[in-house]
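**Student:** Structure of the sequence below:
(one chain, ligands or ions: 1)
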Amino acid sequence: MNPTDVSASSDAPAGAGTAIPQLDIDPFAIGFFDDPYPAHQEMREAAPVIYLHKWNVYGVARYAEVYAVLNDPQTFCSSRGVGLSDFAKETPWRPPSLILEADPPAHTRTRAVLSQVLSPAVMKQIRDRFMSAAEAKVDELLARGRFDAITDLAQAYPLSIFPDAMGLQAEGREHLIPYASLVFNAFGPPNELRKQAIERSAPHQAYVTAQCQRDALTPGGFGACVHAFADKGDITAVEAPLLVRSLLSAGLDTTIYGIGAAVYCLARFPDQWERLRQDPSLARNAFEEAVRLESPVQTFFRTTTREVELGGCRIGEGEKVLMFLGAANRDPRRWDAPDRYDITRKVSGHVGFGYGIHMCVGQLVARLEGEAILTALARKVATIAITGPAKRGYNNTLRGLESLPVTFTRA
Ligand code: OVV
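**Tutor:** So this is what the prediction gives:
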């Protein structure tokens with residue numbers, strides 16, 4: 001259970017690996033969410049692998065080890081859950097995801113289906129709609145002048161396109177954000193955030209379960225497209241609704257936080273905003289760099305399937321390993337000026353979408369939304385000014401704001 005040697009300074013016996021420091025950090029506490037960066041640095045500097053006694057988990061906060069864990073899914077599995085709860089020991093709060101919480105070979109089949117549902121060819125079909133909806137949203141906000149960049153932009157834009165792209169009915173869409181918030185809180189430990197989210201989850205779960213059924217989804221959407229793969233025999237009719245559930249779980253709140261991060265970056269780094277205005281073709285990289293810097297998805301767990309040596313440290317079988325994606329994305333060992341928002345940075349290799357076989361299957365949709373909204377902003381807006389206090393949102397997995405009062409002026 002516990003690391004063999006919990007003291008950072010004592011020598012481990014030969015062959016047992018480097019000592020793993022035990023740190024008194026709770027990465028799921030409100031104080032941590034308010035400012036995670038000093039703790040990220042402490043964890044990165046302490047050792048390649050650390051142990052967090054508060055939740056009895058190992059942690060990796062350096063880029064090299066996060067990358068290594070992401071790229072060894074045999075040793076660091078997902079089928080025992082990618083939250084703190086070990087599905088080998090505890091009953092999951094909902095039936096496990098057939099893609100996120102699965103390992104090869106089961107994962108390979110479901111992944112192939114969702115990759116095709118969200119493929120480059122499908123992006124080509126939806127691109128014009130996503131671009132014009134972004135222009136309409138920015139025009140509307142310019143007419144208002146003063147508004148909330150989170151609720152009125154980062155939430156309103158994805159809500160104006162994604163539920164329609166899924167093929168959802170108009171009724172009940174108010175459940176989508178609370179459901180996603182629940183899913184991402186549920187990856188965390190049994191703290192107040194998780195317990196309260198699950199306590200209040202019944203109506204949101206009922207809505208999502210119903211909307212995942214074939215007859216609830218309108219033709220032409222991502223949802224109907226998933227079900228069509230059941231006709232082809234690539235998945236069963238029982239699996240299809242659960243794969244639609246994955247899109248509803250991971251497809252909306254994540255992009256809301258990503259767009260919120262990008263707008264927050266552009267509002268705080270005026271030289272980068274000017275650069276984007278001069279060259280709107282930088283929109284896609286500006287979004288990607290915001291995903292690196294803010295890492296809307298901060299953490300995921302894996303579970304070890306065997307005893308393993310990682311960064312010279314020994315971890316036993318059946319241990320939870322917490323990957324600090326946000327800390328890896330600011331690791332000075334990997335990034336020059338890691339805390340700087342630089343829209344021309346070579347950002348590829350960041351782990352904000354993960355990496356390897358589980359890397360975000362919806363990344364093309366996310367990037368399309370980000371590119372669309374940042375392109376419209378770059379073309380139409382002259383200045384973005386923060387006009388009130390930024391209010392942080394609190395979630396066990398997602399990092400972002402709940403409110404950001406701003407004003408726009410017209411270009
Ligand atoms: C990446 C992600 C987040 C949350 C839920 C799921 C996936 C899912 O497959 O349900």
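**Student:** And the helices in the stretch 251-400 of the chain, which stretches?
**Tutor:** Along the stretch 251-400 of the chain, the segments classed as helices by DSSP state H, counting those that start in this stretch run 253-268, 270-278, 283-294, 325-328, 363-380.
**Student:** Check the offset of the first one from the chain's centre.
**Tutor:** Pointing back at helix 253-268 there. 12 Å (Cα atoms, centre = their mean, to the nearest Å).
**Student:** Pick the most buried one from the helices of the stretch 251-400 of the chain.
**Tutor:** Stretch with highest mean neighbour count among the helices of the stretch 251-400 of the chain: helix 325-328 (a mean of 27; mean count of other Cβ atoms under 10 Å). C-betas here are computed from N, CA, C, even on glycine.
**Student:** Give me the contacts around that one.
**Tutor:** Here helix 325-328 makes contact (Cβ atoms under 8 Å, 6 or more residues apart in numbering) with 36, 40, 43-44, 60-63, 66-67, 294-295, 297-300, 334, 351-352, 354, 399.
**Student:** got it, and stretch 30-50?
**Tutor:** 8, 18-23, 25-27, 58-62, 64-65, 298, 310-313, 315, 324, 326-327, 330-331, 333, 339, 392, 394-395, 399.
**Student:** Could you pull up the residues touching residue 137?
**Tutor:** So residue 137 contacts 153, 156-157, 160, 373, 376 (Cβ under 8 Å, 6+ apart).
**Student:** pLDDT value on residue 17, please?
**Tutor:** Residue 17 carries a pLDDT value of 80.
**Student:** could you say which helix or strand contains it?
**Tutor:** Assigned by DSSP states H and E, residue 17 belongs to no helix or strand.
**Student:** Residue 313 is in contact with that one, correct?
**Tutor:** Yes. The criterion here is Cβ atoms under 8 Å, and residue 17 meets it with residue 313 at 4.9 Å.
**Student:** More neighbours: the two, which one.
**Tutor:** Neighbour totals were compared for residue 17 and residue 313, and residue 313 leads with 24 against 20 (other Cβ atoms under 10 Å).
**Student:** mind checking how far the closest residue to the more buried one other than its chain neighbours is from residue 326?
**Tutor:** Sequence neighbours aside, residue 49 is the residue nearest to residue 313 in space, at 3.9 Å (criterion: Cβ to Cβ, 6 or more residues apart in numbering). Remark: distance between residue 49 and residue 326 (Cβ to Cβ, to the nearest Å) = 17 Å.
**Student:** Same question for residue 232.
**Tutor:** The gap separating residue 232 from residue 326 is 39 Å, by Cβ to Cβ.
**Student:** what sits against the residue nearest to the spatial centre of the chain?
**Tutor:** Nearest to the geometric centre of the chain sits residue 297, at 3.0 Å (Cα atoms, centre = their mean). Residues near residue 297 by Cβ under 8 Å, 6+ apart: 184, 254, 257, 325, 352-354, 397-399.
**Student:** So which of those residues wins on neighbours?
**Tutor:** In terms of neighbours by other Cβ under 10 Å, the contacts of residue 297 top out with residue 257 at 29 neighbours.
**Student:** do you know how far it is from residue 387?
**Tutor:** As for residue 257, its distance to residue 387 is 21 Å (criterion: Cβ to Cβ).
**Student:** Repeat that for residue 51.
**Tutor:** In terms of Cβ to Cβ, residue 51 sits 44 Å off from residue 387.
**Student:** Residue 307 - how many residues pack around it?
**Tutor:** Neighbour tally, residue 307, other Cβ under 10 Å: 12.
**Student:** which residues touch it?
**Tutor:** Shown in contact with residue 307 (Cβ under 8 Å, 6+ apart): 314-317.
**Student:** at 6 Å what do you get?
**Tutor:** By Cβ atoms under 6 Å, 6 or more residues apart in numbering, the contact list for residue 307 reads 316-317.
**Student:** go on, residue 172?
**Tutor:** Contacts for residue 172 (Cβ under 6 Å, 6+ apart) come out as residue 207.
**Student:** same thing with residue 93?
**Tutor:** 186, 198.
**Student:** remind me, longest helix of the chain?
**Tutor:** In the chain, taking DSSP state H as the definition, the longest helix is helix 120-144.
**Student:** buried sites along that one?
**Tutor:** In terms of neighbour count (16 or more other Cβ atoms under 10 Å), helix 120-144 has its buried residues at 122, 126, 130-131, 133-135, 137-138, 141-142.
**Student:** So which of the residues you listed is the closest to residue 104?
**Tutor:** Closest approach between the buried residues of helix 120-144 and residue 104, by Cβ to Cβ: residue 122, at 24.2 Å.
**Student:** Give me the phi and psi for residue 409.
**Tutor:** phi -120, psi 150 (degrees, to the nearest 10).
**Student:** Between the two ends of stretch 349-359, how far is it?
**Tutor:** Stretch 349-359 has an end-to-end distance of 11 Å (Cα to Cα, to the nearest Å).
**Student:** tell me how far it is from the chain's mean position?
**Tutor:** Using Cα atoms, centre = their mean, the offset of stretch 349-359 from its chain centre is 10 Å.
**Student:** Contacts for that stretch, please.
**Tutor:** 66, 70-71, 73, 291-292, 295, 325, 328-329, 360, 363.
**Student:** can you redo those as TSV with pLDDT and distance to the ligand?
**Tutor:** Shown next, in TSV, are the contacts of stretch 349-359 (pLDDT from 0 to 100; distance: Cβ to the nearest ligand atom, whole Å):
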residue	pLDDT	distance to the ligand
66	99	16
70	99	13
71	98	17
73	99	14
291	99	14
292	99	17
295	98	14
325	99	12
328	99	17
329	99	17
360	98	7
363	98	11
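**Student:** can you put those in JSON lines and add distance to residue 110?
**Tutor:** Converted to JSON lines, the contacts of stretch 349-359 look like this (distance: Cβ to Cβ, whole Å):
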{"residue": "66", "distance to residue 110": "24"}
{"residue": "70", "distance to residue 110": "19"}
{"residue": "71", "distance to residue 110": "20"}
{"residue": "73", "distance to residue 110": "14"}
{"residue": "291", "distance to residue 110": "24"}
{"residue": "292", "distance to residue 110": "28"}
{"residue": "295", "distance to residue 110": "25"}
{"residue": "325", "distance to residue 110": "22"}
{"residue": "328", "distance to residue 110": "26"}
{"residue": "329", "distance to residue 110": "27"}
{"residue": "360", "distance to residue 110": "15"}
{"residue": "363", "distance to residue 110": "17"}
